[in-house]
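**Student:** here is the input, now give the coordinates:
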Amino acid sequence: MSPLCPLLLTLALVAVPGVRGACPASADLKSADGTRTCAKLYDKSDPYYENCCAGAVLSLESGADLPYLPSDWTNVISSIVVGQRCELTVWSGRGKEGKSRKFSAGSYPRLEEYRRGLFGDWSNAISSVYCSCK
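**Tutor:** This next block holds a predicted model:
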């Protein structure tokens, strides 16, 4: 084995982007005045993790209950970051109808990777949300 192999492997591992991509860490979710944000929802994701959590952002405070998302946010959410000690519940239908899922603290840069039923996923499928923090 060439002595160059371990060096090349190390360089390759450093160059590979992290799973978190461009998404903020859940501990960094704060509004401009320093208050804690429960979750941030993004309308853009990408096959490349470093390009996720882009586009328009909808910030939710703790206790945010939106059974009817604004029309420009219905079925367009494709990346989520949930704050520490917070939980985001989402529904596929308006008025908290349809399939539901709970997302705990963390970054979810590609909702295509989270199953919704047998054949669907959660990208561009969220119509209602509720966010709470402890």
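
**Student:** return the helix or strand in this protein with minimum mean pLDDT.
**Tutor:** One helix or strand of the chain scores below all others by mean pLDDT, DSSP states H and E: helix 4-15, with a mean of 34.

**Student:** tell me the buried residues in the strand ranked longest in the chain?
**Tutor:** Ranked by residue count, the top strand of the chain under DSSP state E comes out as strand 79-93. By 16 or more other C-beta atoms under 10 Å, the buried positions in strand 79-93 come out as Ser79, Ile80, Val81, Val82, Gly83, Cys86, Glu87, Leu88, Val90, Trp91, Ser92. In short, each C-beta sits where N, CA and C put it, glycine included.

**Student:** so can I have CSV of the residues you listed showing distance to Cys133 and pLDDT?
**Tutor:** Below are the buried residues of strand 79-93 laid out as CSV (distance: C-beta to C-beta, whole Å; pLDDT from 0 to 100):
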residue, distance to Cys133, pLDDT
Ser79, 20, 95
Ile80, 15, 96
Val81, 13, 96
Val82, 9, 97
Gly83, 6, 96
Cys86, 4, 96
Glu87, 8, 97
Leu88, 10, 98
Val90, 16, 97
Trp91, 19, 96
Ser92, 23, 95
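
**Student:** of those residues, which pair is most distant in space?
**Tutor:** The most widely separated members of the buried residues of strand 79-93 are Gly83 and Ser92, with 22.8 Å between them, by C-beta to C-beta.

**Student:** identify the residues contacting the spatially most central residue of the chain.
**Tutor:** In the chain, the C-alpha nearest the mean C-alpha coordinate belongs to Ile80, at 1.6 Å (C-alpha atoms, centre = their mean). By C-beta atoms under 8 Å, 6 or more residues apart in numbering, the contact set of Ile80 is Ala39, Lys40, Leu41, Tyr42, Leu88, Phe103, Ser107, Tyr108, Leu111.
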